[in-house]
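[1] output the structure for:
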Amino acid sequence: MSPGARKGRPRARRRTRRASRRQRANERLTGLLAAVVMSIAVVVTVVNWLLAHWWILLAAGLLVLSAAAGRLHQLKQRARWEAVRAQGLRYALSQLDSLHHTRFEDAVRDLMRRDGCQDAVRVGGRGDLGADVKATDPYGRRWVIQCKHRGNGLAGSAVGTPDLQVLNGTARQVHGADVAVIVTNGRVTAPAQAFAEQQRLHVVDRHTLAAWASGSRPLWELLRAVPPPRRPTTLS
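    The predicted structure follows:
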């Protein structure tokens, strides 16, 4: 075999490999172009379909806006809640004992506001029909609270059944209460406690008042058998 023939074979192989690489590159390019064309065709088809069914775009936009507004409301509500909790309102029993009975009602109102009841108001006075403080909690429940302040604390006169009967007769029927509560810095008689359980009234005695006023837990976390929320929130 001549030397020229042996030199020609490697050149032929190199030409074959280069041609093969070019072919594979062309195939990849062709596949890429086909994918791009296909993607454009799909996008055009979807856009044309959405333009023909514009109401779907409108509905989707309204859903997105509604979801965004709901999320924003939740964030604002949580921020307000944290701001209220950050105020850290506290009362010691000795402070509450020393208050005038009207200032005691103010303290109960302020504690409800601390717990997130922004509309808490003191309404006690002549003709209050058994309601000294009214408030709506973050869960939509209406609270009607009767306050019984005792200047001598436990040594003062005990809250009895007649006091609970007044609350029971007006809290729901007159004031529209979901939660009817009597709050005292003194004692509550055993018959009054039993009457409260029978009539689904809530009693905040001196012990419960101490935990509520000196801590940061809302009152509904300290009471048992509180009605369920009227509306769901981020705090549920």
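[2] quick check: which element contains Gly116?
    Using DSSP states H and E, Gly116 falls within no helix or strand.
[3] I'd say it and Pro138 touch.
    Yes: the pair Gly116 / Pro138 is scored as a contact, 4.5 Å apart, by Cβ atoms under 8 Å. C-beta: built from backbone N, CA, C; applies to glycine.
[4] where does the chain have its least confident helix or strand?
    helix 54-87 (a mean of 75; mean pLDDT, DSSP states H and E).
[5] please identify the buried residues of the helix or strand just after that helix?
    The element immediately downstream of helix 54-87 (helix or strand, assigned by DSSP H and E) is helix 93-98. For helix 93-98, the neighbour count (16 or more other Cβ atoms under 10 Å) marks 93, 96-97 as buried.
[6] could the residues you listed go into TSV alongside pLDDT and distance to Cys147?
    Below are the buried residues of helix 93-98 laid out as TSV (pLDDT from 0 to 100; distance: Cβ to Cβ, whole Å):
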residue	pLDDT	distance to Cys147
Leu93	95	15
Leu96	96	10
Asp97	95	13
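[7] and those, which is closest to His175?
    Leu96 (23.8 Å; Cβ to Cβ).
[8] for the residue lying closest to that closest one once chain neighbours are set aside, grab phi and psi.
    Taking Cβ to Cβ, 6 or more residues apart in numbering, and ignoring the residues beside it in sequence, Leu96 has Asn185 as its nearest neighbour in space, at 5.1 Å. Dihedral pair for Asn185: phi -100, psi 10, per degrees, to the nearest 10.
[9] give me the pLDDT for Asn185.
    Note for Asn185: predicted pLDDT of 96.
[10] how close does it sit to Asp119?
    24 Å (Cβ to Cβ, to the nearest Å).
[11] going along the chain, name the helices of the chain.
    Here the chain has its helices, by DSSP state H, at 3-52, 54-87, 93-98, 101-114, 161-170, 190-198, 206-214.
[12] most tightly packed of these?
    Neighbour counts averaged per stretch over these are highest for helix 101-114, at a mean of 20; criterion: mean count of other Cβ atoms under 10 Å.
[13] against which helices or strands is it packed?
    helix 54-87, strand 121-122, strand 133-136, strand 142-148, helix 206-214 (3 or more Cβ pairs under 8 Å, 6 or more residues apart in numbering; DSSP states H and E).
[14] columns distance to Pro162 on top of the ones you listed, output as a markdown table?
    Output for the helices and strands packed on helix 101-114, formatted as a markdown table (distance: least, Cβ to Cβ, whole Å):
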| stretch | distance to Pro162 |
| --- | --- |
| helix 54-87 | 35 |
| strand 121-122 | 23 |
| strand 133-136 | 20 |
| strand 142-148 | 11 |
| helix 206-214 | 19 |
